[in-house]
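Peer 1: here are the coordinates; sequence isn't available:
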């Protein structure tokens, strides 16, 4: 069982930055690919980014490429999603998720992830 706790959300002006963190329980963190999803009000949850267990590979949805950066520190059981050049359309609840496949840079569907955090709200004012 893996428990995920997100933090770092908040209110920021357009063009600003935030860093989201997701800390996992357990001792096998590097066996999991970690993904981030987001859900805006009234919309379906969508994939944002994924990082493999070693941190050696990442993949981003086109809408955030060049603005968001995903990294991980396996010694701290934590992944970080750096959100830069934020836009109003980035406003959403952001969720981290863990998939039991360390090499899964292709993991972009919710059904491929086993564990989920509770979410953290990001609000971008224009």
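Peer 2: Sure, I can see it. Everything numeric here is computed off the predicted structure, so don't read it as measured data. Residues are numbered from 1 along each chain as shown.
Peer 1: what sits opposite residue 11 in the beta ladder?
Peer 2: Here residue 11 sits in beta bridges with residue 123, as judged by DSSP bridges.
Peer 1: would you agree it is in contact with residue 88?
Peer 2: No. Between residue 11 and residue 88 there is no contact under C-beta atoms under 8 Å: 11.9 Å. Backbone N, C-alpha and C define where each C-beta goes, glycine included.
Peer 1: just give me the residue right at the centre of this structure.
Peer 2: Centroid check for the chain by C-alpha atoms, centre = their mean gives residue 36 as the closest residue, at 2.6 Å.
Peer 1: what's the spacing between the helix or strand that residue falls within and its chain's center?
Peer 2: Using DSSP states H and E, residue 36 sits in strand 33-39. Mean-position distance between strand 33-39 and its chain equals 4 Å (C-alpha atoms, centre = their mean, to the nearest Å).
Peer 1: could you do stretch 110-120 as well?
Peer 2: For stretch 110-120, the distance to the chain centre is 10 Å (C-alpha atoms, centre = their mean).
Peer 1: I'd like the average pLDDT over that stretch.
Peer 2: The average pLDDT for stretch 110-120 rounds to 97.
Peer 1: what lies in contact with that stretch?
Peer 2: Residues outside stretch 110-120 that contact it (C-beta atoms under 8 Å, 6 or more residues apart in numbering): 1-9, 20, 22, 24, 32, 35, 37, 39, 45, 47, 93-101, 104, 107.
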